[in-house]
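Student: show me the folded form of this:
(2 chains)
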2 protein chains.
Amino acid sequence: MALRLNRRNFFVGIAAAGHMLGQDRQLPLVNADRLRRDIEGLSAFGRPSGGNFSDGVSRVAYSDADRAGRAFFMDRMKAAGLAPRVDPAGNIFGRRTKFSAPNAEHEAPILFGSHIDSVPSGGNFDGDLGSFSALEVIRTLDERGIRTRRPLEMVVWANEEGVAFNSGLAGSRACAGRLASDEMDRVWNGMKKPDAIRRIGGVPERISEARRPADSFHAYLELHIEQGGTLERDRIPVGVVEGIVAIDEYIVDVRGFSNHAGTTPMPGRHDALIAASQLTLAVNEIVTHPAGPQVGTVGQMNVTPNAPNVVPGAVRMTVELRDLSQKKLDQLGAAIRARAAAIATQTGTEIDMKLVERLAPAIASPKVQSVIEESAAKLKLPSKRLPSGAGHDAQSMAFLGPMGMIFIPSIGGISHSPKELSRWEDCARGANVLLHSVLALSA
Amino acid sequence: MALRLNRRNFFVGIAAAGHMLGQDRQLPLVNADRLRRDIEGLSAFGRPSGGNFSDGVSRVAYSDADRAGRAFFMDRMKAAGLAPRVDPAGNIFGRRTKFSAPNAEHEAPILFGSHIDSVPSGGNFDGDLGSFSALEVIRTLDERGIRTRRPLEMVVWANEEGVAFNSGLAGSRACAGRLASDEMDRVWNGMKKPDAIRRIGGVPERISEARRPADSFHAYLELHIEQGGTLERDRIPVGVVEGIVAIDEYIVDVRGFSNHAGTTPMPGRHDALIAASQLTLAVNEIVTHPAGPQVGTVGQMNVTPNAPNVVPGAVRMTVELRDLSQKKLDQLGAAIRARAAAIATQTGTEIDMKLVERLAPAIASPKVQSVIEESAAKLKLPSKRLPSGAGHDAQSMAFLGPMGMIFIPSIGGISHSPKELSRWEDCARGANVLLHSVLALSA
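Tutor: Okay, the predicted model is just below:
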């Protein structure tokens, strides 16, 4: 965690950045108004009928709204002189052709972008900001006639959210060659996955050709809203993502003995919900001591038979742990397991804790992190290193080459909600950090 | 709580009772074999196909199995010389006519009985024991030619369990004039309640005529299995019920803030399930200190949105409190409410606790309790006073006149389960206590 400026300098930095956005002709800067108009324009596709921008968006991947939003996006690319290419998985690529340096085609490009699909009742910044900022970076460089040594390529990934077919990061995983073996057989809402991919211009029978070779890019960059409240709370406009956290998900089965709530005296009970409650509090206690960025959540709990007049006989609950370090997750899991055993003994229940899903961490390239930090500093914007607790397409790209992510503040830390909101000036700041990171990496 | 015999005398008592059951010709005793055969005979109606007695029974009120079981029961009544009368609610009454004392019809009768409907996958003792013991009492007195001053009347109540139409004690409440105003409009499994009542020989349009006047009996007696484990644990064969507990049921709504489990740091959370878990443990702690017969249960808990990767935003849970004393329930409710307020403050949630149902206690007549105790003592059976944590038809009868209940041990305290079991010798002991209580009250 590196703080480039102290609190006093922070306000100086903000003021200077504001000044620069309008008047400094030395540093290239994006067109903040155009970026905003593009994001607002896209928000019409999937908007609740009769609503406006603040009512959020439902643009689930492969839906009519997604198709219309993708067409809108590709029109904006064409207007900027790009020739959109849809790969077999439905990802949209656009390669900058103007002002290419001589022999640019022999160099691996800088790849940058995000996604434009949303969760149902989602917001207008998650994905959209990073996608349009990528386009805006290319437009800005074209307008300035700035040449780069390495080629530039932007991307809009298909089905990042994974609401459809329960397959998050579907497009970027196809690109990284990380599709599950059953993934093309899935059916969702009566739709087969190959048909869904065809709906957005993909070619499911050639999905394997969506795979790019390792090191087919020099670096991957993604600008995204934080979706948490850290940056806003600390009043830092730029987050430098250290990596995307590892996730361990456990299913815990607590077995007690179901009995009549009226005729079973308190001392004779084997109440599964008492044990589950103790374990829920234990997870919270173990994860929060000592303090750190790690998180742990009991998000799901189902009680059997779940009747007011019956002592609960069984509880099934989830425990989900996230941290950048797999070792930390192992330690937390072991501590929770030990506590579960003690609770089982004390409550006369059996507790079985099973690891059901393990997602490895995706560490951002230290070099790319430094480049992002230096770009923010050049723009006199305070920055801070932090992990990403949420998944992003960047984690697919980490399988292929160096990646980095830029976060900007989410007001109230709210995301996946119509209330998701970021300040337009923060959006522009993020796009400018992306611009200068691209410039530094492609030089 | 009165213990008539200490541990040493207890075994003497058991041995003596065993002796008496077979050989003592001085005290009238029921025919234990006949009682067992009747209970086993009834168990065929609603038995799982291919199963046997130990596989339990599903004889839900108004079902084909219930109709067949009632027909079997009425055949046994007729074989004993009784003329079964089905009232408009479907309750079956049988008045002893042989050996009535002169002018018996001018006296209020002793009424005694139970029910024969069951929960789905229930046991063969809950209700069945008390119903057939009532018949056995009359048969025993008839065989001995014993006259009583007051008339004797037995009853098998309709739909005690209330699985059908969610209306427990339906028959006995009709008899006490305590039906809810909407009760005849209810529909269950596509069946209208009046049609259901007709299926068992009732006359729904004349249901109000099922009501008996207050003091239309001198005392009401009911023999039942304990459905809890107290008597078995304490090795006491006879329970003298002090009353049926009052029940306060609360619905508690905990409102936190739903958020992304990956991006929301631990300190910024308003996790409704953390608060609900604390409250669940608080209920347990408050109810168990100081020790006593009161019970409190969080039996139902529903989490929203209930996803592994989302911090719970809301929890709805029930808190059910039972004790003979309404004052005690008020105190417990107030203590839980105070703790809920403290938990809400500490966890950054809102907790709303609403009393949704209050059932008044039904106190057994002290005189009837004494008569039962004296009858047990006469049979050299240790007895113990205890509350009933479960509801029984006796609580309807408490609205009309003095009532009392006799409990016998349930092995393992298990009920409403195919595993429900009582020893046949305990069944016979209970029937004999009923016999001598009837004799004492009718003298």
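Student: what about the helix ranked longest in chain A, average pLDDT?
Tutor: When chain A is parsed with DSSP state H, its longest helix is helix A:326-347. Here helix A:326-347 scores 98 as its mean pLDDT.
Student: so what touches it?
Tutor: Contact partners of helix A:326-347, identified using C-beta atoms under 8 Å, 6 or more residues apart in numbering or on different chains, comprise A:246, A:248, A:250, A:252, A:254, A:256, A:270-271, A:274-275, A:278-279, A:282-283, A:286-287, A:292, A:294, A:296, A:319, A:321-323, A:349-351, A:353, A:355, A:360-361. Every C-beta, even on glycine, is put in place using the N, C-alpha and C of the backbone.
Student: same question, stretch A:60-69
Tutor: Contacts of stretch A:60-69 (C-beta under 8 Å, 6+ apart): A:42, A:45-46, A:57-59, A:116-120, A:158-164, A:170, A:191, A:196-197, A:199-200.
Student: compute the first-to-last residue distance for it.
Tutor: Across stretch A:60-69, the terminal residues are separated by 11 Å (C-alpha to C-alpha, to the nearest Å).
Student: buried set for it?
Tutor: A:60-63, A:65-67, A:69 (16 or more other C-beta atoms under 10 Å in any protein chain shown).
Student: those in helices, which ones?
Tutor: Those of the buried residues of stretch A:60-69 lying in helices (DSSP H): A:65-67, A:69.
Student: which parts of the helix or strand hosting A:Glu357 are buried?
Tutor: Applying DSSP states H and E as the criterion places A:Glu357 in strand A:350-359. Applying a neighbour-count criterion of 16+ other C-beta under 10 Å, one finds A:350-351, A:353 buried in strand A:350-359.
Student: show me what it is packed up against.
Tutor: Under the contact criterion of 3 or more C-beta pairs under 8 Å, 6 or more residues apart in numbering or on different chains; DSSP states H and E, strand A:350-359 touches strand A:246-255, helix A:326-347.
Student: give me the distance from the helix or strand that that strand is followed by to the chain's centre.
Tutor: On the C-terminal side of strand A:350-359, the closest following helix or strand by DSSP H and E is strand A:362-363. From the chain centre to the centre of strand A:362-363 is a distance of 13 Å (C-alpha atoms, centre = their mean, to the nearest Å).
Student: by mean pLDDT, which helix or strand of chain A comes out lowest?
Tutor: helix A:7-23 (a mean of 39; mean pLDDT, DSSP states H and E).
Student: now do the contacts for the closest residue to A:Phe93 other than its chain neighbours.
Tutor: Once flanking residues are discounted, A:Phe93 sits nearest to A:Arg85: 4.8 Å by C-beta to C-beta, 6 or more residues apart in numbering or on different chains. Shown in contact with A:Arg85 (C-beta under 8 Å, 6+ apart): A:92-95.
Student: which of those residues sits closest to chain B?
Tutor: A:Ile92 (26.2 Å; C-beta to the nearest C-beta).
Student: list buried residues within the contacts of stretch A:60-69.
Tutor: Neighbour counting with 16+ other C-beta under 10 Å marks A:42, A:45-46, A:57-59, A:116-119, A:158-164, A:170, A:196-197, A:199-200 as buried within those.
Student: inside helices: which ones of those residues?
Tutor: A:42, A:170, A:196-197, A:199.
Student: tell me how far the residue of chain A most remote from its centre lies from B:Asp248.
Tutor: Residue farthest from the centre of chain A, counting by C-alpha atoms, centre = their mean, is A:Thr263 at 51.2 Å. With distances taken as C-beta to C-beta, to the nearest Å, A:Thr263 is found 17 Å from B:Asp248.
Student: now whichever residue of the stretch 101-250 of chain A sits closest to chain B, nearest residue through space, not along the chain?
Tutor: Chain B sits closest to A:Gly228 of the stretch 101-250 of chain A, with a gap of 3.4 Å, by C-beta to the nearest C-beta. Nearest residue to A:Gly228, sequence neighbours excluded (C-beta to C-beta, 6+ apart): B:Thr263, at 3.4 Å.
Student: can you give me the neighbour number for the closest residue in space to A:Leu355 that isn't next to it in sequence?
Tutor: Counting by C-beta to C-beta, 6+ apart, A:Tyr250 is the residue found nearest to A:Leu355 once chain neighbours are left out, at 5.5 Å. The burial count assigned to A:Tyr250 is 23, neighbours taken as other C-beta atoms under 10 Å in any protein chain shown.
Student: A:Tyr250 contacts A:Gly299, correct?
Tutor: No. Between A:Tyr250 and A:Gly299 there is no contact under C-beta atoms under 8 Å: 11.4 Å.
Student: three-state assignment of the residue most central in space within chain A?
Tutor: In chain A, the centroid-proximal residue (C-alpha atoms, centre = their mean) is A:His392; its distance is 3.4 Å. Here A:His392 is recorded as coil under DSSP: H, G, I helix; E, B strand; the rest coil.
Student: okay but it is in contact with A:His224, surely?
Tutor: Yes. In this structure A:His392 lies within contact range of A:His224 using C-beta under 8 Å: 6.1 Å.
Student: find residues that contact each of these two.
Tutor: What both A:His392 and A:His224 touch, as defined by C-beta under 8 Å, 6+ apart, is the set A:114, A:405.
Student: now do the helices in chain A.
Tutor: Going by DSSP H, chain A shows helices at A:7-23, A:32-42, A:64-79, A:128-144, A:170-175, A:193-199, A:230-234, A:272-288, A:326-347, A:366-378, A:394-397, A:424-442.
Student: contacts for the shortest one?
Tutor: Pointing back at helix A:394-397 there. A:111, A:169, A:172-173, A:175-176, A:178, A:217, A:220, A:222, A:241, A:244, A:362, A:364, A:403-405.
Student: pLDDT (mean, whole number) over it?
Tutor: Mean predicted lDDT for helix A:394-397 stands at 96.
Student: now do the last one
Tutor: For helix A:424-442, the mean pLDDT works out to 98.
Student: would you indicate which residues of that helix are buried?
Tutor: Buried-residue list, helix A:424-442, by 16+ other C-beta under 10 Å: A:426-442.
Student: do the shortest one as well
Tutor: Neighbour-count burial for helix A:394-397, with 16+ other C-beta under 10 Å as criterion, is recorded at A:394-397.
Student: in the stretch 1-150 of chain A, where is pLDDT below threshold?
Tutor: A:1-25, A:100-102, A:104 (pLDDT under 70).
Student: how does it look with 90?
Tutor: Within the stretch 1-150 of chain A, the stretches with pLDDT under 90 are A:1-26, A:97-107, A:120-121.
Student: how much space separates A:His106 from A:Ala443?
Tutor: 16 Å.
Student: oh sorry, the question was meant for A:Pro387
Tutor: For A:Pro387, the distance to A:Ala443 - C-beta to C-beta - is 28 Å.
Student: got it, and A:Ile200?
Tutor: 35 Å.
Student: same question, A:Asp195
Tutor: 44 Å.
Student: between these two, who's got more neighbours?
Tutor: Per other C-beta under 10 Å, whichever of A:Asp195 and A:Ala443 has more neighbours is A:Asp195, with 12 against 9.
Student: wait, what's in contact with the more buried one?
Tutor: A:Pro204.
Student: burial count for the residue nearest to A:Val283 when sequence neighbours are not counted?
Tutor: Excluding the flanking residues, the one nearest A:Val283 by C-beta to C-beta, 6+ apart is A:Gly296, at 5.1 Å. Neighbours of A:Gly296 under the rule other C-beta under 10 Å: 22.
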